[in-house]
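Asks: let's see this in three dimensions:
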Amino acid sequence: MQTACQAVHHQRGRRQYNRLRNLVKDARHDCILFANEFQQYCYLPRERGESMEKWQTRSIYNAAVWYYNHCLGQLPVVMVTEDEDAIREYGGETEGVFVISFKNYLDNFWPDLKAVHELCDSILQSRRERECESQENNGKEYPEHLPMEVLEAGIKSGRYIQGVLNVNKHRAQMEAFVRLQGASGKETDLQSDILIHGTKARNRAIHGDVVAVELLLQHEWKGRTASLCENDTEEKAPGDTSSEPMPTGRVVGIIQKNWRDYVVTFPSKEESQSQGKNAQKILVTPWDYRIPKIRISTQQAEALQDCRVIVRIDSWDSTSVYPNGHFVRVLGRIGDLEGETAVILVENSISVAPFSEVQMCEMPSSTSENPWNVNPEEEPKRIDLRNTHLIFSIDPKGCEDVDDALSIRTLANGNLELGVHIADVTHFVAINSYTDIEARARATTYYLADRRYDMLPSILSADLCSLLSRVERYAVSVMWELDKKSYEILRVWYNRTIIQSSYKLVYEVAQGLLDGDLSVVDDILELKELDERTRQQKLEELVWAIGKLTDIARRVRAKRDSCGALELEGIEIRVQLDDKKNIHDLIPKQPLEVHETVAECMILANHWVAKMIWESFPHHALLRQHPPPRQEFFSELRECASAKGFSIDTRSNKALADSLSKADDPLDPTVNKLLRSMATQAMSNAQYFSTGSCPEEEFHHYGLALDKYTHFTSPIRRYADIVVHRLLMAATLKDTKVDVTANLFSSKDLEELCRHINNRNRAAQHAQKQSTELFQCMYFKDKVSERDERCTADGVIYSIRTNGVLVFVPRYGIKGAAYLKNKEGLVISCQSDGSCVWKPGSLQRFQNRITSTTVAGESVTLSLFDHITVKISVQSSRCHPDTIKLEIISNIPYKNTATELYQKNSHVLKADLVKEVTRSAEEAQLAQEKQNVEVIREEYQEYCQTKGVSLYQLLEEIRDLALLDVSAGNRA
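Replies: Numbering: from 1, shown residues only. From the prediction side, this is the model:
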């Protein structure tokens, strides 16, 4: 009812109101909003002196009575309220209209919903105790928040600053930062975040809240803590040293509370003994370090001691040290894989309920007895590529949701035709259908270390929309005609197509064919059943196609490089499970050139689709922007690079890309990898936006160096791509008589959708990272670090702190802290063989190194990018996630593990050599290609090896160059 929604807005604030409106609008709940204030017989004017709450209650009751009479008394109407006066006044006034409390509603209408009754009891108990406590406590623990009108005026005048509170999870009690939102009416001189020091200055704001901050006087400013810590819970940690003072403030009000469900752990028996056996008020500890302890009321504390539990915060009064909340439900046991995975999902607000029956009813059927086939009525509407194009996909091992496929062929005029073919998901997912609404709510497929939660039902994601080999599929294709020599784009077209992929390749096999390694042919299932002659002919076509795609990708990449495209570095770890789903190993992703080949083709398609939809719908297109990073975020990168004698220019993406390319130590490729990783961390996140809400000069994608970009190539796992597909199809039909505006979002709705998708993408990234960390801990937890060789690894120092260093372990993709001073105050000392022991002494930190000196005068210095040997173990926590612990056991490298790892992939790290060789050989290759094709075919059939200027010989030249000693030239 309209008045009920307005009452929520008036009493609970805009956030709760928006949540309620979104629930009502969600078609999955079959709700209708009745605009009773605009209905002649339901509207009641507000009487003189009548409070807003009384008028709203009276209006809701009047509308309920009208609706009961409108239905001729055939349907009872229930008005649920916690207003006892309203229950007494209206409860028995009209037969058939029940005015009762929520508790009575559950007792009378839903007596069997045990979990709901328990939740209701928990909420009511929490409310009663909160009311009693507010009457008993007169002392203030925190200052009162300023009224909203004062905050808004202060923000407008520039006295207060609006931003989002981000708590430092490593120092949750001491450090939080407010990231500026730019909402102030006046310009501010601040160029950095605002430090909020201590919980008192935080004034009951919780991580994620939008707050108003008042700056302290400059002499009261403090600096970030420069030492390492193990999630200290004390207000003060001894021996802390701070960096340069930075703008410091205090929270004076909360503009928007972003409270959510929190996973907590009950105190252990020892911790709860002092509270008594039947104590009802319990302080529970959240899984997330950044959230304060929450006080709840329950009699199940003893039974739930070994469980992860969900609670919600109800309030945080100024008289209370801790927020008050209530128990919701149990997730699982501490340490259990399924329970800990559920924790990750809840903490990131990810809902992965099974697809409903009504959603599955919208799906087409496809069984082994009655497989899905192309609809004859659909064929005339599409371009048929089944018999004219060699189409294949290249994906990771075990990939089921194959979004994309590629094709390349020579046209009659000698030019090339490049094709990117994407699953036509929108053919099966109608706009505003139940499946579409569910996909919109999920926004993305969630990938965890050992599983995934699909955005779409598996009948689509793993079958009908997956471009598997040897089956006919609907696709949306982008095709370019390229000049045969320069690969310049001559024309482009977009259309719905019917395709049949010939091969489903994995990256390793495609790379093998690219390298001339024909031993991988046995792994291509589609070639196994062919006779020898046909097999060799098909193989030759496939090798040519992969090689030609790679040549084109190199040229496209070189063009973006010249505009400032960045080659960034991320840490990607694959969890290798055995047949019993136990963790066998942690494998860092190995870079292959074919990864870049596929990526460049996808980037090209996304770029051209972005231009197409923006030109057609300049105010309604969904694009993706990557704003330039703030310069202060590059300070650590510049300092680290200077330790190796490199200078990093961050004034533009082009300057940064050139600097990173030059910052290459030929004796240690890890240096460049770490510098690129630091550059990646300094970047702001790319995000979706509506072109109607952003000026064109802000469309630019900083990392890819493209003026316009979107996501089109993964509609199976990203809802943004579904929106873009609909926009693209509308753009292709714009010149026809078909009405294309029906499927378009308004600029405002699209902007809201983009915010939702950006939020869900961040949640997916955090969940994936936390899942990987969970499996890293599980892998090492059952190993004895002193005896198991897998717990010892090579580490590289990439940051210096006052009491230790931050270390990167390439073998497992782990980044963590290693202390040089332990809790007893002893410092690390190295023996003559490099092994380390703890002795009394002191530490001295410099910009690029740290020195440990014992009382006996022995000293050891560790510098940035030094290789050391670390022992890996797990630091267990009952209430929080387990973490990896690194201990330095030697100041010398461990078996050069990292160096050997990167030497295996030296052809990727020598990308500049590849480009240099390809430029010199390209013209000769193109000139001789046509006349040699018959000779190549005959000799290939006889020797399985080509002759003359070929991809194989080209890679041989690259290998020879890679073996040259280039260090002498670099020293010169």
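
Asks: put the alpha carbons of stretch 320-339 into PDB.
Replies: Extracted in PDB, the C-alpha atoms of stretch 320-339 (Å, rounded to 0.1, in the frame of the first residue of the first chain):
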ATOM      1  CA  SER A 320      25.900   1.800  24.400                       C
ATOM      2  CA  VAL A 321      29.500   0.700  23.800                       C
ATOM      3  CA  TYR A 322      28.300  -2.000  21.300                       C
ATOM      4  CA  PRO A 323      25.500  -2.200  18.700                       C
ATOM      5  CA  ASN A 324      22.400  -4.200  19.500                       C
ATOM      6  CA  GLY A 325      21.200  -7.000  17.200                       C
ATOM      7  CA  HIS A 326      19.200 -10.200  16.900                       C
ATOM      8  CA  PHE A 327      19.900 -13.800  15.900                       C
ATOM      9  CA  VAL A 328      18.700 -14.800  12.400                       C
ATOM     10  CA  ARG A 329      19.800 -18.300  11.600                       C
ATOM     11  CA  VAL A 330      22.700 -20.900  11.800                       C
ATOM     12  CA  LEU A 331      25.000 -21.300   8.800                       C
ATOM     13  CA  GLY A 332      27.100 -24.300   9.700                       C
ATOM     14  CA  ARG A 333      29.900 -25.500  11.900                       C
ATOM     15  CA  ILE A 334      33.200 -23.700  12.300                       C
ATOM     16  CA  GLY A 335      35.900 -25.100  10.000                       C
ATOM     17  CA  ASP A 336      33.500 -27.100   7.800                       C
ATOM     18  CA  LEU A 337      34.000 -26.400   4.100                       C
ATOM     19  CA  GLU A 338      30.300 -25.900   3.200                       C
ATOM     20  CA  GLY A 339      29.800 -23.800   6.300                       C
END
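
Asks: buried residues in that stretch, which are they?
Replies: 320, 322-328, 330-332, 334, 339 (16 or more other CB atoms under 10 Å). No exception for glycine: its C-beta is placed from N, CA and C like everyone else's.

Asks: which of the three states applies to residue 857?
Replies: coil (DSSP: H, G, I helix; E, B strand; the rest coil).

Asks: report pLDDT for it.
Replies: As predicted, residue 857 sits at a pLDDT of 89.

Asks: picking that back up, show me the buried residues of stretch 320-339 that map onto helices.
Replies: Those of those mapping onto helices are residue 339, per DSSP state H.

Asks: quick one: the buried residues of stretch 320-339 as TSV, columns for pLDDT and distance to residue 808 too.
Replies: As requested, those are exported to TSV (pLDDT from 0 to 100; distance: CB to CB, whole Å):
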residue	pLDDT	distance to residue 808
320	88	43
322	92	38
323	93	37
324	92	42
325	92	39
326	91	43
327	90	41
328	90	39
330	92	38
331	92	33
332	91	33
334	92	30
339	93	31
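
Asks: nearest to residue 868 among the buried residues of stretch 320-339?
Replies: Within the buried residues of stretch 320-339, proximity to residue 868 (CB to CB) peaks at residue 334, which comes in at 33.7 Å.

Asks: list the contacts of that closest one.
Replies: 265, 306-308, 878 (CB atoms under 8 Å, 6 or more residues apart in numbering).

Asks: and it, how close does it get to residue 294?
Replies: Counting by CB to CB, to the nearest Å, the gap from residue 334 to residue 294 is 17 Å.

Asks: before we move on, back to that, so which of the buried residues of stretch 320-339 is the closest to residue 745?
Replies: Closest approach between these and residue 745, by CB to CB: residue 328, at 33.8 Å.

Asks: low-scoring stretches of the chain, by residue?
Replies: Low-confidence segments of the chain (pLDDT under 70): 129-139, 181-191, 230-242, 272-280, 735-740, 742-743, 896-972.

Asks: which helix of the protein spans the most residues?
Replies: Criterion DSSP H: the longest helix present in the chain is helix 747-781.

Asks: and the next element down the chain from that helix?
Replies: Per DSSP states H and E, the first helix or strand lying C-terminal to helix 747-781 is strand 792-800.

Asks: I'd like to know which elements that following strand is packed against.
Replies: helix 635-643, helix 670-682, strand 804-809, strand 867-875, strand 883-890, helix 897-903 (3 or more CB pairs under 8 Å, 6 or more residues apart in numbering; DSSP states H and E).

Asks: now these in TSV, with mean neighbour count and distance to residue 761?
Replies: Converted to TSV, the helices and strands packed on strand 792-800 look like this (neighbours: other CB atoms under 10 Å; distance: least, CB to CB, whole Å):
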stretch	mean neighbour count	distance to residue 761
helix 635-643	18	25
helix 670-682	21	16
strand 804-809	23	26
strand 867-875	20	30
strand 883-890	19	25
helix 897-903	16	30
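
Asks: select, out of those, the one closest to residue 489.
Replies: helix 670-682 (29.2 Å).

Asks: quick one, that closest one and helix 635-643 angle?
Replies: 160 degrees (axes from the mean of the first three to the mean of the last three CA atoms, to 10 degrees).

Asks: CA atoms only: put helix 670-682 into CSV for me.
Replies: This file holds the C-alpha atoms of helix 670-682, laid out as CSV (Å, rounded to 0.1, in the frame of the first residue of the first chain):
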residue,chain,number,x,y,z
THR,A,670,59.8,-11.1,-10.7
VAL,A,671,60.7,-7.4,-10.3
ASN,A,672,58.7,-6.3,-13.3
LYS,A,673,55.8,-8.6,-12.3
LEU,A,674,55.7,-7.1,-8.8
LEU,A,675,55.9,-3.5,-10.2
ARG,A,676,53.0,-4.2,-12.5
SER,A,677,51.0,-5.8,-9.6
MET,A,678,51.6,-2.6,-7.6
ALA,A,679,50.4,-0.5,-10.6
THR,A,680,47.3,-2.7,-10.8
GLN,A,681,46.5,-2.1,-7.1
ALA,A,682,46.9,1.6,-7.5
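
Asks: before we move on, back to that, the longest helix of the chain vs strand 867-875, what angle?
Replies: Using the same axes, to 10 degrees: helix 747-781 against strand 867-875 is 100 degrees.

Asks: and the direction of helix 747-781 versus that of strand 883-890, what angle?
Replies: 50 degrees.

Asks: mind listing what's buried along helix 747-781?
Replies: 747, 750-754, 757-758, 760-761, 763-764, 767-768, 770-780.

Asks: repeat for stretch 526-545
Replies: Within stretch 526-545, judged by 16+ other CB under 10 Å, the buried ones are 526-527, 535-536, 538-540, 542-545.

Asks: do stretch 45-65 as well
Replies: Buried residues in stretch 45-65 (16+ other CB under 10 Å): 55-65.

Asks: hmm, back to that, make JSON lines out of the buried residues of stretch 320-339 and add distance to residue 93.
Replies: Formatted as JSON lines, the buried residues of stretch 320-339 follow (distance: CB to CB, whole Å):
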{"residue": "320", "distance to residue 93": "40"}
{"residue": "322", "distance to residue 93": "43"}
{"residue": "323", "distance to residue 93": "39"}
{"residue": "324", "distance to residue 93": "35"}
{"residue": "325", "distance to residue 93": "36"}
{"residue": "326", "distance to residue 93": "33"}
{"residue": "327", "distance to residue 93": "36"}
{"residue": "328", "distance to residue 93": "35"}
{"residue": "330", "distance to residue 93": "42"}
{"residue": "331", "distance to residue 93": "44"}
{"residue": "332", "distance to residue 93": "48"}
{"residue": "334", "distance to residue 93": "52"}
{"residue": "339", "distance to residue 93": "50"}
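
Asks: identify those among the buried residues of stretch 320-339 that sit within strands.
Replies: 324-328, 330-332 (DSSP state E).
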